[in-house]
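[1] Give me the fold of what follows.
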Amino acid sequence: MYEKVNPAHADKLADRIAGALVDMAYQNERTPKIAVEVLLGHGTCTIIAETSVALSEDAVRAAVERIAGISDVRYIEVPQDPHLADNQADGVRCGDNGIFKGVPLTDEQKTLSRIARAIYKRYPYDGKYIADGSRCVICQSNVPTAELQELFPGAEINPIGDWTGGTDVDAGATNRKLGSDMADSVTGGGLHGKDLSKADVSVNIYAFLKAQETGESVALSCAIGDETVDGKPYAEIVGIAKKYIDSVGGFEKFAMWGLV
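    Numbers count the residues shown, from 1 in each chain. Coordinates of the predicted model:
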């Protein structure tokens, strides 16, 4: 049983904007410290960024316009808390407390992810999809239901009829679609809008990748300031996560689909 949303869902637009700001921070500094929260919908977008590197407000506004088509942007930028900054002053240490469980993907989850990507490639509009045993539900906006029924004859298509979707119908916020991003994996935090010192990003990615490699569930926890996780230097965990983020094209690209 699994639900997947596509990159045009309002919550994923918020994740993508947050990811774009983290990309900007990494363009300005090699190891920035940043945490971004985004709330958008109905023509407005509010962003709060706690960051060690100042971002161009014009660039922030341009990212929101490009990703979500919203021009009314309120951007609030504040410096990172000095106590949190001190945690990283003399080396790469865990940037926060956290619990993490990586779980191998099922065939059903992989299949639904492929279906979601195929539909989005053809119809780049708000959509969400469910797989539950023999049941497949496709809710895709801005496409005639009959057209989708021809493509997926065995699926339930738009159960209440055609719909428009998007940010004029629904509001979006960062890290509200972690089930879509992680399937059966579990986290106490969120994947998006944070630099790689944050365990919510790096340890989640590490645990997920290890579960796919070993075929077994991986359960980890850490405390702020920890120098090792799962017997590895935290810097190594960060390096593994950075390699993965780079492989998908950066934090904004990562936010489009998450880990699944």
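
[2] CA only for contacts and neighbour counts going forward, please
    Will do.

[3] And the closest residue to Lys12 other than its chain neighbours, how far from Val169?
    Excluding its sequence neighbours, the residue lying closest to Lys12 (Cα to Cα, 6 or more residues apart in numbering) is Met256, at 6.4 Å. From Met256 over to Val169 the distance is 20 Å, taken as Cα to Cα, to the nearest Å.

[4] what's the answer for Ile99, then?
    Distance from Ile99 to Val169, by Cα to Cα: 34 Å.

[5] neighbour-wise, which of these two wins?
    Ile99 (17 against 11; other Cα atoms under 10 Å).

[6] now the helices: where do they sit in the stretch 1-150 of the chain?
    Secondary structure of the stretch 1-150 of the chain by DSSP state H, counting those that start in this stretch: the helices cover 10-28, 57-68, 82-87, 107-122, 145-151.

[7] quick one: which of those helices is nearest Asp226?
    Closest to Asp226 of those, according to Cα to Cα: helix 82-87, at 9.6 Å.

[8] Touching the closest one from outside, list them.
    Applying Cα atoms under 8 Å, 6 or more residues apart in numbering, the contact partners of helix 82-87 are 33, 93, 95, 224-225.

[9] before we move on, back to that, what's the helix or strand for the residue nearest to Lys12?
    Per DSSP states H and E, Met256 falls inside helix 251-257.

[10] Tabulate the contacts of helix 82-87 (a markdown table), appending neighbour count.
    What follows is the contacts of helix 82-87, written out as a markdown table (neighbours: other Cα atoms under 10 Å):
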| residue | neighbour count |
| --- | --- |
| Lys33 | 24 |
| Arg93 | 23 |
| Gly95 | 25 |
| Ile224 | 16 |
| Gly225 | 18 |
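
[11] roughly how far is the helix holding Met256 from the heart of the chain?
    With Cα atoms, centre = their mean, to the nearest Å as the basis, helix 251-257 stands 6 Å off its chain's centre.

[12] switch to numbering from 57
    OK, 57 is where the count begins now, so the last one is helix 307-313.

[13] And that helix, what does it pack against?
    In terms of contacts (3 or more Cα pairs under 8 Å, 6 or more residues apart in numbering; DSSP states H and E), helix 307-313 is packed against helix 66-84, helix 290-304.

[14] Can you name the residues that contact the residue nearest to Lys68?
    Per Cα under 8 Å, 6+ apart, neighbours of Met312: 62-63, 68-69, 71-72.

[15] Please apply the same query to Gly183.
    Counting by Cα under 8 Å, 6+ apart, Gly183 makes contact with 61-62, 64-65, 176, 194-197, 221.

[16] rerun at 10 Å
    For Gly183, the contact set (Cα atoms under 10 Å, 6 or more residues apart in numbering) comprises 60-66, 172, 175-176, 194-198, 214, 219-222.

[17] now the residues you listed: which count as buried?
    Buried members of the contacts of Gly183, counted by 16 or more other Cα atoms under 10 Å: 60-66, 172, 175-176, 194-197, 214, 219, 221-222.

[18] Tell me how far stretch 129-141 lies from the chain's centre.
    In terms of Cα atoms, centre = their mean, the centre of stretch 129-141 is found 20 Å from the chain centre.

[19] ok, back up a step: just the buried ones among the contacts of Gly183: which are in strands?
    Counting by DSSP state E, the buried ones among the contacts of Gly183 place 60-61, 194-196 in strands.

[20] Does Glu93 touch Ile73 like I think?
    Yes - under the criterion of Cα atoms under 10 Å, Glu93 makes contact with Ile73 at 9.2 Å.

[21] what touches both of the two?
    Common neighbours of Glu93 and Ile73, counting by Cα under 10 Å, 6+ apart, are 103, 230, 248-249.

[22] With neighbour count as added columns, please give these in CSV.
    Shown next, in CSV, are those (neighbours: other Cα under 10 Å):
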residue, neighbour count
Ile103, 21
Thr230, 26
His248, 29
Gly249, 28
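
[23] quick one: which of those residues is nearest to Glu272?
    Closest to Glu272 out of the shared contacts of Glu93 and Ile73 is His248 (24.7 Å), distances taken as Cα to Cα.
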